[in-house]
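Undergrad: turn this into a model:
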Amino acid sequence: MPVAALADGATPSIWDAAHDVDARRPRSRQTQLGASDTVCGRRAAYILHGVTPTDHADKRAAILGTFIHYGLLESARTEYGWLVERSVQDDLIRGHVDVVQLDETTAARVPARHRPAIPADVLTVEDVKTKSTYLWDRVLRYGATAAELRQVHLYAGTLSEVGFENVPGQRYLARLGPLPIGRIRFRFINRDSGAEHIQEIDFDPQRAAEARWWVERVREAADPEEMPRDFNGPGLDAMCDYCPFRTRCWPGTAPGVPEQTALIRNDADREQALIDYVRGHELASEGDRIKKFARKKLDQSPPGVYGPNRLAWRGGNDEEKDDVEAMVDLHEVARIPVPMKPDADRMVKNLAAAGLPVPRRKTGRRTPAVINVAPA
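TA: Here you go, the predicted structure:
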């Protein structure tokens, strides 16, 4: 089959097709506030007030995450019988819940063909998140972020008070009414390695009420600018780097000038920024002192799992350096002119150009051991 080509004969990018498909997704065209929009108060306010996005960041990583997300959820639906991508809506938010795993009692109230292969011990609302390796250590150590917890509590709270949205394709679910939510589950998937990490917590009606209060506060704002920024801005938080309202939220700075400079309006702001800087410096110094002391104590400890952390080592190998005398011999054997003054860098380039190995010799020293502490 011939490769599709554009009119000028160039092969099209498959990402153009992916971006077009993504733009047609219901979620991309939705104007009502969704639970996934509650990551930042000001961003949510922009959406509620119908503000036109000012920025269009590269969405390839997000699109890959969407494809992985869809494939995993569809597999869970066909193999486990879980309820996948079911819609919920009340007077505050609307959205689609990734997974609802019914308990045995609730499953008995739906048609047999819609029951899970294995019911949960308690009715469970699950959110699937894809993460990069860059964020994976943070996921293992700290779990879901405050914004992710707020999002899933909004979904779970709506299910516990209203139930599923009464729309075609899930009316049998809407007839269940309010559901006895017992557990919230986060399933994190590493986009690079496929690693899976599960975090489960009991459903807390109080946290669900707090999440609803957060949305109510956004809805009450007369102007989006009244809402505080929940992140520290471009260059410091990825959420701001890829925000569709970045320019609207952080305006007025010249090219190359940090957007955060707009937060300094008078000497009082400068005074507070300096106080924050000194405090940050003191915290970093204290943290560095604690780390150095702990590193000294652990120097002779073997690798292994100790409580919540895993200790590993790298380095500690024989140190090597270029062997200048051996390189001179190789130059003479290969009839390569030897620099009149020994120049290790030049000789390395000569040998590499000639396809010869660069001789190395032991220095008698060892490379420093580098500690690696990760979640167990």
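Undergrad: in this structure, which spans are strands?
TA: 83-89, 94-101, 123-131, 181-190, 196-202, 304-306, 309-314, 318-322, 360-366, 370-375 (DSSP state E).
Undergrad: quick one: list the elements packing against the third one.
TA: Contacting strand 123-131 under the criterion 3 or more Cβ pairs under 8 Å, 6 or more residues apart in numbering; DSSP states H and E are the following elements: helix 60-80, strand 94-101, helix 146-161, strand 181-190. Quick note: C-beta positions are derived from backbone N, CA and C, even for glycine.
Undergrad: in JSON lines, list the ones you listed along with mean pLDDT and distance to residue 238.
TA: What follows is the helices and strands packed on strand 123-131, written out as JSON lines (pLDDT from 0 to 100; distance: least, Cβ to Cβ, whole Å):
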{"stretch": "helix 60-80", "mean pLDDT": "87", "distance to residue 238": "10"}
{"stretch": "strand 94-101", "mean pLDDT": "91", "distance to residue 238": "22"}
{"stretch": "helix 146-161", "mean pLDDT": "93", "distance to residue 238": "12"}
{"stretch": "strand 181-190", "mean pLDDT": "95", "distance to residue 238": "16"}
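Undergrad: where does the stretch 201-350 of the chain dip in pLDDT?
TA: For the stretch 201-350 of the chain, the stretches flagged by pLDDT under 70 are 340-342.
Undergrad: which residue ranges of it form helices?
TA: Using DSSP state H, counting those that start in this stretch, the helices assigned to the stretch 201-350 of the chain run over residues 205-220, 238-241, 246-249, 267-297, 324-333, 344-353.
Undergrad: looking at the strands of the chain, which is nearest to residue 164?
TA: For the strands of the chain, the distance to residue 164 is smallest for strand 83-89, at 5.7 Å, taking Cβ to Cβ.
Undergrad: buried residues in the closest one?
TA: Neighbour counts over strand 83-89 (16 or more other Cβ atoms under 10 Å) mark 83-84, 86-89 as buried.
Undergrad: tell me the helices and strands packed up against it.
TA: helix 60-80, strand 94-101, helix 146-161.
Undergrad: send the alpha carbons of it over as CSV?
TA: Output in CSV follows, covering the C-alpha atoms of strand 83-89 (Å, rounded to 0.1, in the frame of the first residue of the first chain):
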residue,chain,number,x,y,z
LEU,A,83,-18.1,0.2,34.4
VAL,A,84,-15.9,2.4,32.3
GLU,A,85,-16.2,6.1,31.3
ARG,A,86,-19.7,6.5,32.7
SER,A,87,-21.0,10.1,33.0
VAL,A,88,-22.0,11.9,36.1
GLN,A,89,-23.6,15.4,36.5
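Undergrad: gap between the closest residue in space to residue 74 that isn't next to it in sequence and residue 216?
TA: Leaving aside its sequence neighbours, residue 74 sits nearest to residue 84 (Cβ to Cβ, 6 or more residues apart in numbering; 7.0 Å). Distance of residue 84 to residue 216, computed by Cβ to Cβ, to the nearest Å: 29 Å.
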